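Trainee: here is the input, now give the coordinates:
(chains A and B)
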Amino acid sequence: MTVLANPAEKLLFEVSKPGRRCLRLPELDVPKVDVKVALRGAKLRAKPANLPEVGELDLVRHFKNLAQKNFSVDRNFYPLGSCTMKYNPKINVTLLSLPGFTKAHPHLPEADLQGHIELMVTLESWLSEISGLPAVTLQPAAGAQGEMTGLMVIKAYFESKGEGKTRTKVIIPDSAHGTNPATAALAGFVPLTLKSTADGSVDLAALKAAIGPDTAAMMITNPSTLGILEPNMVEIARLLHAAGAQLYMDGANMNAIQGMVRPGDYGVDVMHFNLHKTYSVPHGAGGPGAGPIAVASHLEPYLPTPRPVRNADGSYSLDSKRPDSIGKVRSFFGNYGALVMAYIYMSQLGREGVRRNGENAVLNANYLRAKLRGVYHIQNDKACAHEVVFTDKTQHEQYHISALDIAKRMIDYGIHPMTIYFPQPNVVGGHGAMMVEPTETESKETLDFFVEVMKQIAQECKDNPEIIRTAPHTTPVSRVDEKTATTNPQLYCPMCIA
Amino acid sequence: MPFIQNTEADRAEMLKAIGVGSIEDLFKDIPANLRLKMSDPGMLKLPKGKGELEVTRHIQELLAKTKNAGDYAYFRGGGIYNHFVSTLIDHIALYDGSFITAYTPYQPECSQGTLTFIYEFQSSITALTGLEVANASMYDGASALAEAMMMGKHVSEDRHRKENRNTFVLAGAVNPEYMQVCKTYADVAGIKIAQVAPGADGRVDGNALAKALTRKVFAVAVQSPNYLGVIEDVEAVVAAAKENEILVVQAVGEALSLALLQSPAESGVDVCVGEGQSLGNHQFLGGPAFGFFASKKEWLRKMPGRIVSETKDKDGRRAFALALATREQHIRREKATSNICTNQSLCALRALIHLAAWGKQGFVELAEHSVAKTQYAIQKLTSVPGVKLAHTGAPVFNEFVIQAAPGLEKKLLKKKVAGGLPLDKYGKGRRGQYLVAITEVTTKADIDRYAEALAEAMKGKPVAV
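Mentor: Numbering: from 1, shown residues only, chains lettered A, B, ... in the order given. As a prediction, this is how the structure comes out:
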């Protein structure tokens, strides 16, 4: 039988046909000009950019077809560890579509932006309350930029004290996400890796040995990327402060402890939030997110500008007169639209909801830990926070099946795989990690289904290992050759420059 | 309980399965004295949660304290533009959960939708710029330029090993938001930024540039059209940078200009970065939109950000996957080309839909309408007594600077005209100058109203010479 090609399966560039289009402009209401004359003196392009030409129905069908090839929170359980793939309330996007937001231009006068500045000031105050740190900036566009902003602030602080040249090192546990060392390097520090203890917490003896007069800060993720609450936070903060250094907390896992403990109370000096994780800004197939940072009072002078502020008379303004500020890390006010969604979400949560989210996130993760104990190996089988890290030890030793294979098989059951690319094997006993973060929004029934699926996969590892190694079997494409993507990259459709 | 489905009975059952008596037992690693007591109203001072009806009302109240581009005859740009955004885009990118509630496509088999659109987006950026490698997006135009600066430094560390080049030149009128972000990144990286002021015609001063481009410079950036709306001679910058092997970066603040102007590849630049807001993204007070980043192929392995490649599945079918992750932070840690992880993917999807929905011809027409309306606006506004173009002799695309009189802003706003952006703060000698932006949304009636209000406001003001 001949394989028939459905046009909806082709790329837009491949179905393009001259003369097709979706949109048209109103008739020109000013005199037409000859572009060559109007732009005299400018060099013009030789020919129009070869953009696809498609009709509206085919365009819609193209994207709806692509939509079906994606797993998403709206359709699938998505326990991607460390990413907090919780439900994104629909009201967020509905309200964000109001013209008051979509047509809000950053160069409007302050008087026209009062409601927006008020929203930012309020959101800052909420994040301040949750972090236990007095000052917040909403400017960083994502967690990684929040980290960078935080380290820049720390650097500026030390420079003001005349210690900029001597405090050059940032201590980072080996379990940290790769952004931490990358950020430290980008911010002009030398990252120093700290080995974790067998149970995944900070090795206090090793930390004491690592801290010195050249230490600027330690970046700690709490709960850690192993899903474990760091038991010695207070002592860690004390050790750093005694040496004149700062404690930075990566708030990627804030979903677990929001409303339960304020990082500032531990002695944290700077932390970032990932609003796309904890406060339900949709992840957008990779972004945009938002990565605000909260800081202790001695670091406030260095925060990026402009700072939204509430004046004594109840009006709001944007304050750029901050001589010690590090400057701007992103244009205008950051990902304001993302901030609006977090604000709407947090308005709905309220005080009780913030606490409840953390409690249920941790409850759900521990429930999975309890139900799958014995089926999959757990390196640190103690109460976990919002995520539980299993490993492929049993399946790998007995059946030569890796975390990657198990992840691919989950897809056949309609579940998005957990995180398997980190934590790195050296922090989970040399095995492949399987980091599962169910979030608080999943029902017990979904968790029970997940447990049954994972048990069945474990059984398949024994009975039918081939079905695991060749998984997935139900997707539009079978296992993808990612190696060739890197060794022989093909990064654009040739027709785009035809 | 909003967004939580566990019932009291579920919770009890789950706690039993876990083998603990209460949820708080799971938080024992937090010292008891630091655990927040919800019974103490002084702790966690957040308002009570609101339902959908209440939160909708609240947002409407907040928005009642704002005005937006739709409330005025609108002439402000300066990096964010009041363009038309098709409803097709919101239907696909915002209201259908398939893309917006997915994340980074680390598992290609269940993420072909995302990977395919990123590949098509990269192809669109390649179509616009002519450059062979485009990444999956950056945060914005400003941080994309800062990342290009960092990349230029890394390229130079390889190319000019012993030279220790450490200066980044910003040539001509670059958007101040971009300059400030570059400066913040440069400060911690120990990079020196040198600025070459624009000449009288608003373009890069060729002589000053030639002097600045020494062998201490690793990269030079030129924005075109620049912050003053003027179209630069990018080819001339490329020629000036050639002798000393300086990487040339073109920044694009108004992506629509790529429809008509010589493409970055034709000009010969190494890297083109820019702000993509104009391509189907709402204004949102400046974000989220996205930064684009395109480069010549030879710098591929120094590039920041995610990149998608075509490949095959094990049955030989076409498939797409993330490529070259060894540049990225999750593999390479402190040796990564950048720390970017979460990007602005959904905004890149919006751009792709925008570009495909207008198509090859429609995208050019969009630009042509802007040019025609801009020419009309120049003629109308400069016919107001006392108003003239601040820079003459160089072409403009859809923005231009008028020299009028200081302090006109409020008078115009009262007439429901958000006139050009006052440039007083942009640099010396710019008192009374305004940066005027035009898009396809601007009507002849808007322009006429602006001219009329401007004439009224200028009455009694000294005539510019």
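
Trainee: number of residues surrounding residue 427?
Mentor: Just so you know, I chose chain A. By other CB atoms under 10 Å in any protein chain shown, the residues close to A:Val427 number 24. Quick note: C-beta positions are derived from backbone N, CA and C, even for glycine.

Trainee: try chain B instead
Mentor: 14.

Trainee: how close does it sit to B:Gly202?
Mentor: 12 Å (CB to CB, to the nearest Å).

Trainee: what residues sit buried inside the lengthiest helix in chain B?
Mentor: Across chain B, the helix with the greatest residue count (assigned by DSSP state H) is helix B:345-382. Neighbour counts over helix B:345-382 (16 or more other CB atoms under 10 Å in any protein chain shown) mark B:345-378, B:380-382 as buried.

Trainee: please apply the same query to stretch B:314-324.
Mentor: B:319-324.

Trainee: any idea of the pLDDT on the nearest residue to B:Val234 once chain neighbours are set aside?
Mentor: Nearest residue to B:Val234, sequence neighbours excluded (CB to CB, 6 or more residues apart in numbering or on different chains): B:Ser267, at 3.9 Å. B:Ser267 is assigned a pLDDT of 98 by the prediction.

Trainee: next, count neighbours for B:Ser267.
Mentor: 25.

Trainee: likewise A:Asp203?
Mentor: A:Asp203 has 17 nearby residues by other CB under 10 Å.

Trainee: spit out the contact partners of it.
Mentor: A:194-197 (CB atoms under 8 Å, 6 or more residues apart in numbering or on different chains).

Trainee: before we move on, back to that, close to chain A, is the longest helix of chain B?
Mentor: Yes. On the criterion CB under 8 Å from any CB of the partner chain, helix B:345-382 is in touch with chain A at B:345-347, B:349, B:352-353, B:355-366, B:368-369, B:371-376.

Trainee: mark which of the buried residues of stretch B:314-324 are part of helices, please.
Mentor: Those of these lying in helices (DSSP H): none at all.

Trainee: and of those residues, the nearest to A:Glu129?
Mentor: Closest to A:Glu129 out of those is B:Leu322 (37.9 Å), distances taken as CB to CB.

Trainee: pull the residues that contact stretch A:347-355.
Mentor: A:89, A:91, A:130, A:258-260, A:346, A:356-357, B:1-3, B:36, B:38, B:44-52, B:55, B:58.

Trainee: which strand or helix spans B:Ala208?
Mentor: In the assignment (DSSP states H and E), B:Ala208 maps to helix B:206-212.

Trainee: put the buried members of the contacts of stretch A:347-355 into a ChimeraX selection.
Mentor: This is the ChimeraX syntax for the buried subset of the contacts of stretch A:347-355, where burial follows 16+ other CB under 10 Å:
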select /A:89,91,130,258,259,260,346,356,357 /B:2,3,36,44,46,49,50,55,58
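
Trainee: distance from the least confident helix or strand in chain B by mean pLDDT to the middle of the chain?
Mentor: The weakest-scoring helix or strand in chain B, judged by mean pLDDT, DSSP states H and E, is helix B:329-332 (a mean of 82). Relative to its chain's centre, helix B:329-332 lies at 25 Å (CA atoms, centre = their mean, to the nearest Å).

Trainee: got it, and stretch B:232-245?
Mentor: Distance, centroid of stretch B:232-245 to centroid of chain: 24 Å (CA atoms, centre = their mean).

Trainee: next one: stretch B:227-247
Mentor: Distance, centroid of stretch B:227-247 to centroid of chain: 21 Å (CA atoms, centre = their mean).

Trainee: touching, B:Phe284 and A:Pro99? I think so.
Mentor: No. Assessed by CB atoms under 8 Å, B:Phe284 is found out of contact with A:Pro99, at 11.2 Å.

Trainee: ok, those two, which is more surrounded?
Mentor: Legend: neighbour count by other CB under 10 Å for B:Phe284 and A:Pro99, higher for B:Phe284 (28 against 14).

Trainee: the stretch 1-150 of chain A: strands as residue ranges?
Mentor: A:135-137 (DSSP state E, counting those that start in this stretch).

Trainee: and for the stretch 101-250 of chain B?
Mentor: Going by DSSP E, counting those that start in this stretch, the stretch 101-250 of chain B shows strands at B:133-134, B:167-171, B:192-196, B:217-223, B:247-252.

Trainee: of the ones you listed, which is nearest chain A?
Mentor: strand B:133-134 (5.6 Å; CB to the nearest CB).

Trainee: residues from the stretch 151-300 of chain A in reach of chain B?
Mentor: By the rule CB under 8 Å from any CB, the part of the stretch 151-300 of chain A lying against chain B is A:151-152, A:155, A:177-179, A:181-188, A:191, A:228-231, A:234, A:257, A:259-262, A:265-266, A:274, A:276, A:280, A:282-289, A:291.

Trainee: could you chop chain B up by domain?
Mentor: Listed domain ranges for chain B are B:69-84+B:360-458, B:88-353 (source: automatic domain parsing).

Trainee: out of those, the one nearest A:Leu239 is which?
Mentor: Closest approach to A:Leu239 among the domains of chain B is made by domain B:88-353 (23.0 Å; CB to CB).

Trainee: once you drop chain neighbours, what's closest to A:Leu66?
Mentor: Nearest residue to A:Leu66, sequence neighbours excluded (CB to CB, 6+ apart): B:Gly113, at 3.8 Å.

Trainee: count of residues packed around the one you found?
Mentor: B:Gly113 has 26 nearby residues by other CB under 10 Å.

Trainee: who touches the closest residue in space to A:Ala403 that isn't next to it in sequence in this structure?
Mentor: Leaving aside its sequence neighbours, A:Ala403 sits nearest to A:Gly432 (CB to CB, 6+ apart; 3.2 Å). Contacts of A:Gly432 were listed using CB under 8 Å, 6+ apart, and they are A:391-392, A:396, A:402-404, A:420, A:425.

Trainee: ok, now with 10 Å
Mentor: Neighbour list for A:Gly432: A:390-393, A:395-396, A:401-407, A:420-421, A:425 [criterion: CB atoms under 10 Å, 6 or more residues apart in numbering or on different chains].

Trainee: what's the separation between it and chain B?
Mentor: 14 Å (CB to the nearest CB, to the nearest Å).

Trainee: and the gap between B:Ala289 and A:Val428?
Mentor: Separation of B:Ala289 from A:Val428 (CB to CB): 39 Å.

Trainee: okay, those two: which has more neighbours?
Mentor: B:Ala289 (31 against 26).

Trainee: now do the contacts for the more buried one.
Mentor: By CB under 10 Å, 6+ apart, the neighbours of B:Ala289 are A:288, A:331, A:335, A:337, B:79-80, B:137, B:139-141, B:255, B:275-283, B:344, B:347-348, B:350-351.
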